[in-house]
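K.L.:
quick check, what structure comes out for this input:
(2 chains)
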Protein chains: 2
Amino acid sequence: MTPKAVILLSGGIDSSTTLAIAREQGFSLYALSIDYGQRHKIELESAKKIARAMSVERHLVLKQDLTAIGGSSLTSNRPVPKNRTGDEIGRGIPSTYVPARNSILLSLALAWAEVLGSSDIFIGVNSLDYSGYPDCRPEFIRAFESMARLATAAGAAGGRLTVHAPLIRMTKAEIIRKGFDLGVDFSMTLSCYDPDEKGRPCGSCDSCLLRKKGFREAGIEDPVPSPPGGLFP
Amino acid sequence: MTPKAVILLSGGIDSSTTLAIAREQGFSLYALSIDYGQRHKIELESAKKIARAMSVERHLVLKQDLTAIGGSSLTSNRPVPKNRTGDEIGRGIPSTYVPARNSILLSLALAWAEVLGSSDIFIGVNSLDYSGYPDCRPEFIRAFESMARLATAAGAAGGRLTVHAPLIRMTKAEIIRKGFDLGVDFSMTLSCYDPDEKGRPCGSCDSCLLRKKGFREAGIEDPVPSPPGGLFP
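P.N.:
Numbering: from 1, shown residues only, chains lettered A, B, ... in the order given. Next comes the predicted model:
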């Protein structure tokens, strides 16, 4: 029987490439997206298109409203930082950090994996070209995996549980090249934290800037047009 | 400033006693309940009464529908086991186990704690008179704590984070005595996994049986009347 994997899918470049990697590795694909009240909720439309294009077995969209908890510019009306420089993006934790988000997303993935009888969870975090979120670091992923092995019935019975973070040490350009090679249709993806109501990127939030830099360094043209701007070098 | 604590509150004996312990330890109380689609959703009414009676600063009820994930008799229409013996309850993981539930609940508590600036999370798990859930074991709680310290901005900055599980090595009778001494009004609590529409306990699910045994051993009369039954010794 083909082993099943649960893949967290936001609809951006990283999670779409991660989904393609799981497919390349021969897993049967169960994509999980979370509607957590993110201001860029339109990313869930991208996730649906990608899930369909990649012929996943199932795409589950769960609601977990985090706006009642708040604490982030992605889940409140605090402004999203714009036009930050590369140095600024690398330094400190920005307001777009959503408290404990990856712990919550991975816990939901763990629950679904257990019900599906899957021992493999994929998450597209990376710790190089990223926004400085603590829960994107390799040590967090390893700690979550250790916890997850103790959390479940399968784990208590001695079962294996692996949290795959295949992008964790890749640059954005490397991720884009990898996704490109695996046939990811980047025209379906949305990276922007602050898109307009039609899902068009702002061009100047951290996520847009990292995307621009990544495509430029990869020598690939981004099929999603983005406004110019950004002081990013 | 009084330190803040986030306390997971289901509305049963264990979480109510845990809330009273956090109060006794001098914390300012932030109670968190999760409406996860549990069949005994009426327990949330108990949680509200208890939160009010304990004068919490705030009681947040978050929705996280786990019925789409399923895998448990508490989140699906699989029957809840009844009239199991003490030996049966101690052996194996029953169908009332909700996959990864405590990972999910603690992750949500972690998110709220971070936003509140709290370093203390309380959960009323216990590993003696319990139903054999893997995520009630001390090693799970410690692993979650290690993960949580790496997951958050506060943790990344070197901050402390403690997951308190004050009941973890107590019997149900000891928990009831402790709650009684701290003034918990057990008439407000609901333990049953399968109550009727008015919130009256079934008297024969594992949780009802453990409650009966606990009150009997504590030498205290349960203020909540429960039908007789249960082969529990």
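K.L.:
sort out which residues of stretch A:176-184 are buried, please.
P.N.:
A:Ile176, A:Arg177, A:Lys178, A:Gly179, A:Phe180, A:Val184 (16 or more other CB atoms under 10 Å in any protein chain shown). Where C-beta positions appear, they are placed from N, C-alpha and C, glycine not excepted.
K.L.:
show me the contacts for the second one.
P.N.:
Translated: A:Arg177. Contact analysis of A:Arg177 by CB atoms under 8 Å, 6 or more residues apart in numbering or on different chains lists A:Ala218, A:Ile220.
K.L.:
next, give phi and psi for it.
P.N.:
Main-chain dihedrals, A:Arg177, degrees, to the nearest 10: phi -60, psi -40.
K.L.:
quick check: what element follows the lowest-mean-pLDDT helix or strand in chain A along the chain?
P.N.:
Ranking every helix and strand in chain A by mean pLDDT, DSSP states H and E puts helix A:86-90 at the bottom, with a mean of 76. Where DSSP states H and E defines the elements, the next helix or strand beyond helix A:86-90 is helix A:101-116.
K.L.:
wait, does that following helix contact chain B?
P.N.:
Yes. With CB under 8 Å from any CB of the partner chain as the criterion, chain B is reached by helix A:101-116 at A:Arg101, A:Asn102, A:Ser103, A:Ile104, A:Ser107, A:Leu108, A:Leu110, A:Ala111, A:Trp112, A:Glu114, A:Val115.
K.L.:
now for the buried residues of stretch A:176-184, which pair is the farthest apart?
P.N.:
A:Arg177 and A:Val184 (10.6 Å; CB to CB).
K.L.:
return the member of the buried residues of stretch A:176-184 nearest to A:Leu32.
P.N.:
Closest to A:Leu32, out of all of these and judged by CB to CB, is A:Val184, at 17.9 Å.
K.L.:
still on that earlier bit, could the buried residues of stretch A:176-184 be laid out in JSON lines, adding distance to B:Ser10 and secondary structure?
P.N.:
Formatted as JSON lines, these follow (distance: CB to CB, whole Å; DSSP: H, G, I helix; E, B strand; the rest coil):
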{"residue": "A:Ile176", "distance to B:Ser10": "45", "secondary structure": "helix"}
{"residue": "A:Arg177", "distance to B:Ser10": "48", "secondary structure": "helix"}
{"residue": "A:Lys178", "distance to B:Ser10": "44", "secondary structure": "helix"}
{"residue": "A:Gly179", "distance to B:Ser10": "43", "secondary structure": "helix"}
{"residue": "A:Phe180", "distance to B:Ser10": "48", "secondary structure": "helix"}
{"residue": "A:Val184", "distance to B:Ser10": "42", "secondary structure": "coil"}
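K.L.:
let me have those in TSV, extended by pLDDT.
P.N.:
Below are the buried residues of stretch A:176-184 laid out as TSV (pLDDT from 0 to 100):
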residue	pLDDT
A:Ile176	97
A:Arg177	98
A:Lys178	98
A:Gly179	98
A:Phe180	97
A:Val184	97
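K.L.:
take the residues you listed and lay them out in a markdown table including distance to A:Ala51.
P.N.:
Below are the buried residues of stretch A:176-184 laid out as a markdown table (distance: CB to CB, whole Å):
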| residue | distance to A:Ala51 |
| --- | --- |
| A:Ile176 | 20 |
| A:Arg177 | 22 |
| A:Lys178 | 19 |
| A:Gly179 | 15 |
| A:Phe180 | 19 |
| A:Val184 | 12 |
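K.L.:
gap between A:Gly183 and A:Ile21?
P.N.:
12 Å (CB to CB, to the nearest Å).
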